[in-house]
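*Asks:* I need the structure of the sequence given here:
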Amino acid sequence: MRFEVPGFLANGISSGIKRGKRKDLALIYSETPAIISAVFTQNRVKAAPVLVSMDRVKKQMTRAVIVNSGNANACTGKAGISDACKMANIAAKEMKIDDELVLVASTGVIGERLPTERITENIPRLVEGLNPFGIPSAAEAILTTDTFPKIAFCKEKIGKKEVSICGIAKGAGMIMPNMATMLAFVLTDAAIETDALEEIFKEGIESSFNSISIDGETSTNDMAMILANGRADNPVITRYSKNIGRFSEMVFDILVRLAKMIVKDGEGATKFVEIRVINAREYHEAKKVAFNVANSNLVKTAFWGEDCNWGRIVSAIGASGVDIAADRINISFEDAMVVKDGVGTEKEQEEKAQKTMKKREFKVEIDLNCGSSKARVFTTDLSHEYIDINANYRT
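*Replies:* Numbers count the residues shown, from 1 in each chain. So this is what the prediction gives:
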């Protein structure tokens, strides 16, 4: 499949940041100015590229994003800010565009200065290789411990015009951001007003990248953004357009697909688990319960061991801080209800749930029976391999 969004060019190359010849430098470029909506990590410690890009997106217009992997450029002080700006500046000069219209992102090891000479000497080659079919190459260049590139694409008619949306993301560890994921970039040729794009994107983030957890950690470098260049020439989508619902569905679909890919590629993960909380009093309470279960190391290790230890789930629900009625809680693994009204059911149901847990993907549903709100969180198990990967991350 060719992942092409009219008006956008991309490329990814190896610049020597990573060992070997793995790609580590990516560039996304819009041939015409694109409006942008972006969200950034809420970690109080923010990497230099996050601070630079947070300032530049205030203009709500951009032309390019340059991304490096292998080095986070985090906790590097004023020198890190200078390095991030230099990377964007050199790219802007090569593309002959305004420096302020270039955003920058980084991911990798924290606490080390960027090898700016290697990066800047390779930027001309990066720009020269920009092409309409370069999105997969860029997706590969932003990876760290990921095992595969994450790309989602869709093309549909809005009115009488075809609109394309393509998203790329990276992330396999330090995933439980309070707004996004490690890195995600979504491109569309839709013509849309900035306010409408902002509203759609932030709502989509809540049900996708704000609903995943691998290890309960939030990175210093998380960011997600959507660029829209209007090349589809569709009637401009506003918050009151009849087509806004269809476009919203397209964006949400891309974001959820990317979010699921990130969880499935979680460091050392062998299980993909959807935690669904239903019949809560409020949405935020449902979300809080879901995350408390998804982040419980005891629950996650039970998932890895394929042990239907529902007591750990009950404990995580009770420890969430949400006011619940213990004697109303129901818990099911797919269609096997193992807890009803706060009490374990017959052994037959637990054995049925045990079989469900042997699958690569399954759902756990928690019914609080105290309202009508619901939420879901995507998570993984916790394996020995996760420890091995992170114990040796820098070596």
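*Asks:* ok, the most far-flung residue of the chain relative to its centre to residue 340 distance?
*Replies:* Using Cα atoms, centre = their mean, the residue of the chain lying farthest from its centre is residue 346. It sits 39.3 Å away. Here the criterion is Cβ to Cβ, to the nearest Å. By it, residue 346 lies 10 Å from residue 340. In short, each C-beta sits where N, CA and C put it, glycine included.
*Asks:* next one: residue 124
*Replies:* As judged by Cβ to Cβ, residue 124 and residue 340 stand 66 Å apart.
*Asks:* So between these two, which is more surrounded?
*Replies:* Legend: neighbour count by other Cβ atoms under 10 Å for residue 124 and residue 340, higher for residue 340 (16 against 13).
*Asks:* got a list of what the more buried one touches?
*Replies:* For residue 340, the contact set (Cβ atoms under 8 Å, 6 or more residues apart in numbering) comprises residue 330.
*Asks:* per-residue confidence at it?
*Replies:* Looking at residue 340, its pLDDT is 97.
*Asks:* Residue ranges of each domain in this structure, please.
*Replies:* Taking automatic domain parsing as the domain assignment, the ranges for the chain are 8-264, 272-391.
*Asks:* So which of those is the most surrounded?
*Replies:* Comparing the domains of the chain by mean neighbour count (mean count of other Cβ atoms under 10 Å), domain 8-264 ranks first with a mean of 21.
*Asks:* what's the first-to-last distance across that domain?
*Replies:* Distance between the boundary residues of domain 8-264 (Cα to Cα, to the nearest Å) amounts to 28 Å.
*Asks:* do the same with stretch 339-351
*Replies:* By Cα to Cα, the extent of stretch 339-351 from end to end equals 13 Å.
*Asks:* Quick check: closest non-adjacent residue to residue 367.
*Replies:* For residue 367, ignoring the flanking residues on the chain, the nearest one in space by Cβ to Cβ, 6 or more residues apart in numbering is residue 330 at 4.0 Å.
*Asks:* So that neighbour sits against residue 341, correct?
*Replies:* Yes: with contact defined as Cβ atoms under 8 Å, residue 330 reaches residue 341; the gap is 7.0 Å.
*Asks:* If you count residues, where's the longest strand of the chain?
*Replies:* Longest strand of the chain, by residue count under DSSP state E: strand 25-40.
*Asks:* can you give me the angle the helix or strand that that strand is followed by makes with strand 25-40?
*Replies:* Next helix or strand after strand 25-40 toward the C-terminus (DSSP states H and E): helix 48-56. In terms of direction (axes from the mean of the first three to the mean of the last three Cα atoms, to 10 degrees), helix 48-56 departs from strand 25-40 by 60 degrees.
*Asks:* Alright, I will stop here.
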